[in-house]
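Novice: prediction below, plus the sequence it came from.
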Amino acid sequence: MASVDCLVCHDTMGTYSKKNNKCGYPNKDVDLAAVAKRVGTPGRSNCGACHWYGGGGNGVKHGDMDNTLASPEKSHDVHMGGLDFTCQECHVATNHRIAGSSTTSAVSEGEVSCTDCHDEKPHKMSSPLLNQLNDHCDAIACQTCHIPRYAKAVPTVTMWDWSRSGEEDRILEQTPNRLKQLSRRKGLLIKEKNAVPTYAWYNGKHYRHLKGDPVKLTGVTELNPPAGDIHDPAAKITPYKIMNGVEPADTEYGYLIVPQLFGDGYFKNFDWQDAAQKGMQAAGLEFSGKISFVQTKMHWRLNHEVVPAKNALSCLDCHHPDGVMDFKALGYKEDPALSGGRFKKVSPAAAK
Ligand code: HEC
Ligand code: HEC
Ligand code: HEC
Ligand code: HEC
Ligand code: HEC
Ligand code: HEC
């Protein structure tokens with residue numbers, strides 16, 4: 001723990017802050033002595049100082065976490081709003097090992113699940129219709145029905161096309177829930193708000209594309225697709241934010257380029273050859289000098305922004321021709337309310 005910054009999590013005054021690109025050293029104008037006298041249990045904003053700003057801005061990376069969680073309405077998040085949960089009430093920390101596995105990293109210090117606190121069959125409805133909800137829990141994750149929308153307050157990036165960088169900054173299209181803009185440094189960005197998740201089978205594992213792995217030069221390379229499908233009893237339908245990317249690749253070696261962006265890198269020189277040369281050297285990978293842009297796709301799991309129960313997805317949100325779920329894409333031949341779930345039929349007679 002020698003080089004761990006304690007105050008980033010334990011400051012309760014909210015004045016402690018870090019300097020951009022100064023390797024994690026605090027701002028000089030912070031009164032460290034005053035902060036040190038008021039250390040306490042981490043609040044949501046302590047954790048949020050890192051997790052809400054991933055990817056270069058508020059809400060950019062995670063579709064379900066941004067600074068709205070500092071003091072959300074109950075309608076935004078029932079646990080952190082209505083119940084004022086801290087992060088570690090769910091992400092239980094034992095001797096500084098914080099539980100909860102992330103979508104992208106293979107290491108994990110234990111898992112967090114809705115059923116750590118709720119029953120596996122949590123619905124206690126008297127009506128036989130609503131009783132169906134508990135049967136659904138074998139095939140559908142809690143999050144699917146209880147997080148019907150994501151990025152409800154702050155837009156999140158869903159498309160990042162690096163090949164369009166270098167042009168002047170401008171807004172291309174703007175509607176209340178969608179912004180398409182060009183950034184000279186970052187390229188074409190699409191940001192979405194109040195978005196409907198994409199649903200996929202997930203059995204608790206994701207595949208991971210690692211540095212130097214082969215990339216498709218045409219078509220889309222999935223960087224971290226969830227494992228599991230309709231035939232896997234351990235898999236459940238789970239909600240995701242999809243992040244589409246267009247990134248530089250080395251066409252001769254057939255892998256993604258790790259460009260140098262900061263310092264004497266792309267953000268200063270706007271030269272991909274130069275940024276690739278420097279970045280690949282630092283990454284310890286060969287670079288052929290031949291660059292083309294390829295399409296990538298990432299899955300980001302949604303676990304926060306749980307809405308009040310009355311706003312959860314219910315029968316007709318899914319079992320309807322215009323429902324949120326693309327049953328065929330998930331592997332069903334039609335709406336399963338008509339012909340039965342993956343391991344059983346609606347009625348034995350229908351099977352004959
Ligand atoms: C990533 C955030 C984070 C960092 C960094 C961090 N802590 Fe903690 N710390 C926590 C959490 C979470 C708890 C549990 C609080 C709770 O139970 O609500 C905790 C608890 C504690 C406790 C109470 C006893 C215990 O272990 O439960 C002490 C003392 C403590 N931290 C000291 C430190 C010191 C000293 C450092 C720097 C070396 C540090 N912390 C760095 C998050 C952090
Ligand atoms: C109501 C419970 C709950 C609360 C409160 C909560 N989380 Fe989570 N969080 C989860 C669950 C469940 C997961 C999925 C973890 C797993 O699969 O092991 C998760 C996942 C995560 C992940 C991994 C994200 C990814 O997919 O890469 C991070 C980071 C995280 N939470 C941070 C936070 C922070 C920061 C806070 C406080 C602002 C917070 N969480 C509050 C339940 C909660
Ligand atoms: C100084 C920045 C920083 C702070 C503060 C911080 N984290 Fe993290 N946390 C990270 C990084 C970096 C990772 C690894 C990359 C990732 O998963 O996003 C991580 C990973 C996680 C994960 C995923 C665990 C895994 O094994 O992959 C969870 C859950 C999490 N943090 C929760 C918290 C909670 C709760 C707090 C507050 C008590 C907190 N973090 C404070 C930087 C931070
Ligand atoms: C650390 C314990 C904990 C975890 C983890 C947790 N919850 Fe809760 N949740 C509670 C408590 C306590 C309440 C309030 C009492 C109640 O309604 O059961 C609650 C309430 C709820 C409600 C009812 C909200 C309302 O008032 O309308 C829903 C829905 C819910 N949780 C869903 C989830 C989902 C989905 C997850 C996983 C992403 C989750 N919970 C994770 C403790 C937890
Ligand atoms: C198929 C969709 C669906 C799934 C899956 C689902 N829920 Fe629900 N849940 C609902 C709906 C709809 C309601 C509100 C019912 C009503 O009162 O009209 C609800 C209500 C609740 C409530 C409020 C208490 C109650 O009895 O009304 C809690 C807590 C809850 N769900 C937790 C969970 C947890 C935890 C899981 C995962 C184990 C889960 N739900 C899975 C749709 C679902
Ligand atoms: C989030 C989307 C969603 C919601 C909400 C939802 N369902 Fe379903 N339903 C499904 C899926 C997916 C299956 C297939 C589950 C399986 O493969 O086991 C299914 C299966 C069914 C089946 C066939 C079950 C069988 O195997 O015999 C019936 C009947 C049904 N749902 C009725 C309902 C009713 C009634 C409600 C409201 C109380 C409801 N559903 C809410 C997605 C949903």
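Specialist: Cool, the structure landed. Residues are numbered from 1 along each chain as shown. Ligands and ions are numbered 1, 2, ... in the order given.

Novice: partners of Ala200 in the sheet?
Specialist: Thr238 (DSSP bridges).

Novice: that one touches Ile242, doesn't it?
Specialist: No: counting by CB atoms under 8 Å, Ala200 stays clear of Ile242, with 9.1 Å between them. Using the backbone N, CA and C atoms, a C-beta is placed for each residue, glycine as well.

Novice: shared neighbours, these two?
Specialist: Contact criterion CB atoms under 8 Å, 6 or more residues apart in numbering; residues bridging Ala200 and Ile242 by contacting each: His299.

Novice: who's more crowded, these two?
Specialist: Ala200 (20 against 15; other CB atoms under 10 Å).

Novice: separation between that one and Ile230?
Specialist: 11 Å (CB to CB, to the nearest Å).

Novice: any residues in contact with both of those two?
Specialist: Common neighbours of Ala200 and Ile230 (CB under 8 Å, 6+ apart) are Leu330.

Novice: the stretch 51-200 of the chain: helices as residue ranges?
Specialist: 87-90, 128-136, 142-146 (DSSP state H, counting those that start in this stretch).

Novice: what mean pLDDT does stretch 338-346 have?
Specialist: For stretch 338-346, mean pLDDT is 81.

Novice: and for Asp213, the neighbour number?
Specialist: Neighbours around Asp213, by other CB under 10 Å: 12.

Novice: was I right about it contacting Gly254?
Specialist: No: the criterion here is CB under 8 Å, and Asp213 misses it with Gly254 at 9.4 Å.

Novice: sorry, back to before: and the helices of the stretch 51-200 of the chain, which one is worst for confidence?
Specialist: Mean pLDDT per stretch puts helix 128-136 lowest among the helices of the stretch 51-200 of the chain, at a mean of 85.

Novice: contacts for that helix next, please.
Specialist: Contacts for helix 128-136 (CB under 8 Å, 6+ apart): 121-123, 125, 145, 315, 341.

Novice: for the residue of the stretch 51-200 of the chain found nearest ligand 3, grab phi and psi.
Specialist: Of all residues in the stretch 51-200 of the chain, Gly100 sits closest to ligand 3, at 2.9 Å by CB to the nearest ligand atom. Here is the backbone geometry of Gly100 (degrees, to the nearest 10): phi 130, psi 120.

Novice: if I read this right, Asp161 contacts Val246, doesn't it?
Specialist: Yes: with contacts counted by CB under 8 Å, Asp161 reaches Val246, the gap being 4.0 Å.

Novice: one step back: doesn't Ala93 make contact with the residue of the stretch 51-200 of the chain closest to ligand 3?
Specialist: No: the criterion here is CB under 8 Å, and Gly100 misses it with Ala93 at 9.7 Å.

Novice: what residues does the chain have near ligand 5?
Specialist: Neighbours of ligand 5 within the chain, by CB under 6 Å from any ligand atom: 114-115, 118, 120, 122-124, 130, 133, 136-137, 140, 142, 144-146, 309, 312-314.

Novice: from those residues, keep the buried residues only.
Specialist: Buried members of these, scored by 16 or more other CB atoms under 10 Å, are 114, 123, 133, 136-137, 140, 142, 144-146, 312-313.

Novice: now, among those, which is nearest to ligand 6?
Specialist: For these, the nearest to ligand 6 is Leu313 (4.1 Å; CB to the nearest ligand atom).

Novice: run through the strands of the stretch 201-350 of the chain in chain order.
Specialist: Remark: strands assigned in the stretch 201-350 of the chain by DSSP state E, counting those that start in this stretch are 220-222, 236-250, 255-256, 291-301.

Novice: which neighbours do Asp161 and Val246 share?
Specialist: Joint contacts of Asp161 and Val246 (CB under 8 Å, 6+ apart) are 187-188, 293.

Novice: what about Leu217, how many residues nearby?
Specialist: 14.

Novice: distance of it relative to Pro321?
Specialist: For Leu217, the distance to Pro321 - CB to CB - is 38 Å.

Novice: and the shared contacts of Asp161 and Val246 near ligand 1, which?
Specialist: Counting by CB under 6 Å from any ligand atom, no member of those is near ligand 1.

Novice: who wins on neighbours among the residues you listed?
Specialist: Gly187 (21 neighbours).

Novice: residues touching stretch 173-188, excluding its own?
Specialist: So stretch 173-188 is contacted by 56, 155, 159-172, 189-195, 246, 266-267, 270 (CB under 8 Å, 6+ apart).

Novice: what does the protein put close to ligand 6?
Specialist: 129-130, 132-133, 136, 139-140, 144-145, 237, 313-315, 317-319, 325, 336-337, 340-342, 344, 346.

Novice: wasn't Ser45 part of a strand?
Specialist: No: read with DSSP: H, G, I helix; E, B strand; the rest coil, Ser45 is helix and lies in no strand.

Novice: is it true that it touches Pro72?
Specialist: No: judged on CB under 8 Å, Ser45 makes no contact with Pro72 at a distance of 11.9 Å.

Novice: which one's more surrounded, those two?
Specialist: Taking neighbours as other CB under 10 Å, Ser45 and Pro72 compare with Pro72 leading, 22 against 16.

Novice: give me the nearest residue to the more buried one, chain neighbours excluded.
Specialist: In space, and not counting its chain neighbours, Pro72 is closest to Gly81: 4.0 Å by CB to CB, 6 or more residues apart in numbering.

Novice: tell me, how many neighbours does that neighbour end up with?
Specialist: Gly81, neighbours per other CB under 10 Å, totals 20.
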